[in-house]
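**Student:** Could you look at this predicted model? Sequence included:
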Amino acid sequence: MRGTAQWLHKMAADSEPESEVFEITDFTTASEWERFISKVEEVLNDWKLIGVSSGKPLEKGVYTTGIWEEKSDEISFADFRFSITHHYLVQEASGKDGKEELVEDVLPLSMQDLLCMNNDFPPRAHCLVRWYGLREFVVIAPAANNDAVLSESKCNLLLSSVSIALGNTGCQVPLFVQIHHKWRRMYVGECQGPGVRTDFEMVHLRKVPNQYTHLSGLLDIFKSKIGCSLTPLPPVSIAIRLTYVLQDWQQYFWPQQPPDIDALIGGEVGGLEFGKLPFGACEDPVSELHLAATWPHLTEGIIVDNDVYSDLDPIQAPQWSVRVRKADNLQCLLGDFLTEFFKLCRRKESADEILGRSTFEEDGKEVADITHALSKLTEPAPVPIHKLSVTNMVHSAKKKIRKHRGVDDSPLNNEVLNTLMLFLFPDDADKLTDGSEARLSTSRNNPPPESEEYNLYSQFKSAPSDSLTYKLALCLCMINFYHGGVKGVAHLWQEFVVEMRRRWEKNYLIPELANGSPDLRCCLLHQKLQMLNCCIERKKARDEGKKPYTSDRSPSGSSGDTGKAVDRSGGDYQKETEKERGEVGKSWESWSDSEEEFFECLSDTEELKGNGQENGKKGGTKEGNKESANLKPEGRLHPHGKLTLLHPGEPLYIPVTQEPAPMTEDLLEEQSEVLAKLGTSAEGAHLRARMQSACLLSDMESFKAANPGCCLEDFVRWYSPRDYIEEEVVDEEGNRVLKGELSARMKIPSNMWVEAWETAKPVPARRQRRLFDDTREAEKVLHYLAVQKPADLARHLLPCVIHAAVLKVKEEETLEDIASVKKIIKQIISHSSKVLRFPNPEDKKLEEIIAQIMSAEAIIARARSLKAKFGIEKCDQEEEKEDLERFVNCLLEQPEVSVIGAGRGPAGSIIHKLFLNAQRMTESSDEVATMTSLDEELKRSGSSDERRLNLGAVTDFPPPAGRELILRITVPRPAPYSKPLPQRMYSVITKEDFRLAGAFSADTTFF
């Protein structure tokens, strides 16, 4: 026809050459509508949804326990974008042959699913799965959330497109189109099979029509929609679910006792334990209990449900299932503590700005006269100003805080502050006169040191759970939440810094810190405190003339380790180069007066321990063995086995040496940066080696002093045995003797070892300049602590707080034994180990960790709430108690749980009591006091019908909050001689919502 029209137009144009030329429409070009249909067909082909669908019958509950997947694509109709999504239940491949799939008159799987009763009312599924019971379907919806298909003509156009696409491709998967606004969840669709078609239709109303609030009215509309003229009509299969909501929980069912906030804010310490984090919800974590009473297999005529009377009594329902609704925005104590402490990390103010500038102002006389300010600035200052400010400011902080700020103005009152300081420093150093600190611990619930929980600090880079740093983190967390927020944190931190300086000046060791060098597995703040403890210990030993430690650098424990000395000396280099020490060191040394300090030992056998070092301090000319042999030996520790010096032949003595200096990770990082800046040139490598040889030089000097007349070979035999090679040779007389020589690397010209040996003088350790200046290092640590802002402090201690929170969750979970919480704890530990190991982790990742901890806390709180509500602890029968515990655990793990025995089982009877009690509380509050016990009421009353007939009796259950019905029938449609096909209608009725979802099949061959 199109060709004929064009030919006629051409003939007319030829016959009338002068006539007007008009536009010719080419109808062979595809329209937008045809392109849209083609795109839908293309997607269906790509997803292999063409042809006969196959699958085995569905097992009961598979819609809930099975795995649902989806895949999406985007198509467009002109300039309007749609998303097309395929939803399907993952199933095992069918082992049937293809021949069986081609049986004639087999209904599509979706039509078979309409009649399947194994998966009615799935608790967690797509709405179309719940309404139609489908295992697979495709949805076309507007791509943008604010787009909607509103007009009836557009809806019909899309439905026509779907019908044509299904017909052209032979796809048997139902295809739906979402219409109207998305919040309404309105769908229309179609499914086609060989000679059959199913239309999916829907009605959605805000107000429920009165005639459709019960079964009889819905049966009428279902039968009228089918329009089957058969008489008598086969009975309709019915499934009904009524949902009852329990909201009025009794207060005594919630066991959590929240802390007395008023007492805490008022400063009353009372039973407050600073070493423990709080735990639990401040309100009932379970807001509602939803009971679904289900009649899965009913037949029309067996049951009566109309506007006058109903047989649907929930007590008589054969199936009960329960789900709990979580409280929205649940407030939990541990989660609040973590969240508030984490907020400190985002603060910008310093402690001065938070507490007020007057805190560190000078006395009135000093600040009143400002006329000489310029002269003061120009006066010579032998002591650096910033060093004086650190000392004076921190040392007198406590006095000036109390002077400029009244007791009432202080964020922390004296009672709280004294309790905190006693908790942090239980040794009470002021009362000890002998300087020996008692390593006390007030934390009684710390895990044993060998346990996995104790070693979590190495994964989190926090601090051991019995350490001062860990306790400080808990105290600051508590203060931040209960006592003044960030001001209280700043106040406590200043008091803490003052205490650190007092302990340094009075030689009191800091309690509850591990001995030895800083532990690099811990947070930097913990390392700094350990470094300060090392300085105190060194200063204390020097001042009191005691022997802190005896060093034996004998290679007996690792004699096979070639080049050990190089590794050791490499780790002992401090960040200052010789040039830096010459320039920067003067101000420090002139102030700390440590330039001329020497070791003062009572005997040659004492060891001198330090934790820092200086570099390149010695210089001198080479001394001959002869001249050295005349020196008196000093600083000997003990002989080194049977070894003797090569030339004098005297026994080789191990010298007393200085210990390698301990270092914190920031010092190591600075050292690495300095070494890296030297480059890779030969000169840079040589300078790097000399800078790393401070400890080596000190050991050589000690060795020369202990062994006069020794040579480099003697030193290497002790210090690095594998660099001295001995071979068995035959001498002139024919005797086999051992002959030794230095290794090849020791013979390299300008070798670091040779240069250091030539430079070294025979000076015993007690007269050497200290490798480690404890005074300088202590002042550096105290300065570091004094300048920390509350935000910096919170960043340092956040790993400790997270560590403590994880331990608290594990402790609480042990009491409840919840599988899901165990899984969350493992995830928290794994996640935290990755995030906290690196400095300055991202805030987003920290928030994720805190959210996981809060989730675990909420689950445990819900478990305790449910156990209290179901009276598990009061249950006497062991078997019944186990059943109830299993039931509660299932409520936590699963979206919906079946009640064994329905209303007659142990859990069902408790649920019944809860509803009955709530009904009595609602209907007659005056009778609550005189109300008989629930058990007596249940025994006294007979059946629910009898209770209903008793005048004035309280109904056991409130009106159902939701009514769901599924009506099914198989009848020929549209004509009596058509093929019998499945028909289904789903109805849900709530207070403000009414929905009908119908699937009506028709025979397209015999109609």
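**Tutor:** In hand now; what should we look at?
**Student:** Partner strands of the helix or strand encompassing Glu69, with direction?
**Tutor:** Element membership for Glu69, per DSSP states H and E: strand 68-77. For strand 68-77, sheet partners with direction are given as strand 80-89 (antiparallel), following DSSP bridges.
**Student:** Now do the longest strand that the chain contains: which elements does it pack against?
**Tutor:** Longest strand of the chain, by residue count under DSSP state E: strand 286-299. For strand 286-299, the elements it packs on are strand 237-246, strand 319-326, helix 843-869, helix 906-923, judged by 3 or more CB pairs under 8 Å, 6 or more residues apart in numbering; DSSP states H and E. Just so you know, the C-beta spots here come from the backbone N, C-alpha and C atoms, and that holds for glycine as well.
**Student:** want to try TSV for those, with mean pLDDT, mean neighbour count and distance to Leu815 as columns?
**Tutor:** Rendered in TSV, the data for these read as follows (pLDDT from 0 to 100; neighbours: other CB atoms under 10 Å; distance: least, CB to CB, whole Å):
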stretch	mean pLDDT	mean neighbour count	distance to Leu815
strand 237-246	94	20	26
strand 319-326	90	18	20
helix 843-869	90	20	8
helix 906-923	84	18	22
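**Student:** Could you export those as TSV, including distance to Pro721?
**Tutor:** As requested, these are arranged in TSV below (distance: least, CB to CB, whole Å):
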stretch	distance to Pro721
strand 237-246	81
strand 319-326	68
helix 843-869	49
helix 906-923	76
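**Student:** For Arg81, which of the ones you listed is the nearest?
**Tutor:** When those are ranked by proximity to Arg81, the top entry is helix 843-869, at 31.2 Å, counting by CB to CB.
**Student:** From the contact counts, what lies against the closest one?
**Tutor:** Helix 843-869 sits against strand 286-299, strand 319-326, helix 333-344, helix 790-816, helix 819-836, helix 878-893, with contacts defined as 3+ CB pairs under 8 Å, 6+ apart.
**Student:** Show me how far the fourth one is from its chain's centre.
**Tutor:** Averaging C-alpha coordinates over helix 790-816 and over its chain gives two centres that are 11 Å apart (CA atoms, centre = their mean, to the nearest Å).
**Student:** sec struct for the nearest residue to Ala999 once chain neighbours are set aside, please.
**Tutor:** The shortest distance from Ala999 to any residue other than its chain neighbours is 4.6 Å, reached at Arg984 (CB to CB, 6 or more residues apart in numbering). The three-state label given to Arg984 by DSSP: H, G, I helix; E, B strand; the rest coil is strand.
**Student:** Name the stretch among the helices and strands packed on helix 843-869 that sits most buried.
**Tutor:** helix 790-816 (a mean of 22; mean count of other CB atoms under 10 Å).
**Student:** still on that earlier bit, could you export the helices and strands packed on helix 843-869 as JSON lines, including distance to Lys471?
**Tutor:** As requested, the helices and strands packed on helix 843-869 are exported to JSON lines (distance: least, CB to CB, whole Å):
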{"stretch": "strand 286-299", "distance to Lys471": "35"}
{"stretch": "strand 319-326", "distance to Lys471": "34"}
{"stretch": "helix 333-344", "distance to Lys471": "15"}
{"stretch": "helix 790-816", "distance to Lys471": "9"}
{"stretch": "helix 819-836", "distance to Lys471": "19"}
{"stretch": "helix 878-893", "distance to Lys471": "33"}
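**Student:** Quickly, which of those bottoms out on average pLDDT?
**Tutor:** For the helices and strands packed on helix 843-869, the weakest mean pLDDT is recorded on helix 878-893, namely a mean of 85.
**Student:** Quick check: which of the helices and strands packed on helix 843-869 is nearest to Lys71?
**Tutor:** Proximity to Lys71, assessed across the helices and strands packed on helix 843-869 by CB to CB, is greatest for helix 819-836 (27.8 Å).
**Student:** pull the helix or strand with minimum mean pLDDT from the chain.
**Tutor:** helix 578-592 (a mean of 31; mean pLDDT, DSSP states H and E).
**Student:** Which one of the helices and strands packed on strand 286-299 lies nearest to Lys808?
**Tutor:** Distances from Lys808 to each of the helices and strands packed on strand 286-299 were compared by CB to CB, and the smallest falls on helix 843-869, at 8.6 Å.
**Student:** can you state the direction angle for that closest one and helix 906-923?
**Tutor:** Inter-element angle recorded for helix 843-869 and helix 906-923: 90 degrees (by axes from the mean of the first three to the mean of the last three CA atoms, to 10 degrees).
**Student:** and the angle from helix 843-869 to helix 878-893?
**Tutor:** Regarding helix 843-869 and helix 878-893, their directions subtend 150 degrees when assessed with the same axes, to 10 degrees.
**Student:** just how off-centre is helix 843-869 within its chain?
**Tutor:** With CA atoms, centre = their mean as the basis, the distance from the averaged C-alpha position of helix 843-869 to the chain average is 11 Å.
**Student:** Please apply the same query to stretch 656-667.
**Tutor:** Using CA atoms, centre = their mean, the distance between the centre of stretch 656-667 and that of its chain works out at 36 Å.
**Student:** Straight-line length of that stretch, end to end?
**Tutor:** 27 Å (CA to CA, to the nearest Å).
**Student:** Just the CA trace of stretch 77-90, in CSV.
**Tutor:** Output in CSV follows, covering the C-alpha atoms of stretch 77-90 (Å, rounded to 0.1, in the frame of the first residue of the first chain):
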residue,chain,number,x,y,z
PHE,A,77,11.8,6.3,24.4
ALA,A,78,12.7,9.5,22.4
ASP,A,79,14.4,11.6,25.1
PHE,A,80,12.7,9.9,28.1
ARG,A,81,15.1,7.4,29.8
PHE,A,82,13.9,4.1,31.3
SER,A,83,15.8,1.5,33.3
ILE,A,84,15.1,-2.1,32.6
THR,A,85,15.9,-4.6,35.4
HIS,A,86,15.8,-8.3,35.5
HIS,A,87,15.0,-9.8,38.9
TYR,A,88,15.5,-13.5,39.4
LEU,A,89,15.9,-16.2,42.0
VAL,A,90,19.2,-18.0,41.6
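**Student:** sorry, back to before: export the longest strand of the chain as CSV, just CAs?
**Tutor:** Listed in CSV are the C-alpha atoms of strand 286-299, where the atom choice follows Å, rounded to 0.1, in the frame of the first residue of the first chain:
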residue,chain,number,x,y,z
VAL,A,286,12.7,-3.1,70.5
SER,A,287,9.9,-0.6,69.6
GLU,A,288,7.3,-3.0,68.3
LEU,A,289,6.5,-6.7,68.0
HIS,A,290,4.6,-7.8,64.9
LEU,A,291,2.6,-11.0,65.2
ALA,A,292,1.3,-12.5,62.0
ALA,A,293,-1.4,-15.1,62.3
THR,A,294,-1.7,-17.1,59.1
TRP,A,295,-4.3,-19.4,57.7
PRO,A,296,-2.4,-20.8,54.7
HIS,A,297,-5.0,-23.3,53.2
LEU,A,298,-8.7,-22.2,53.5
THR,A,299,-11.5,-22.9,51.1
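**Student:** I am finished for the moment; much appreciated.
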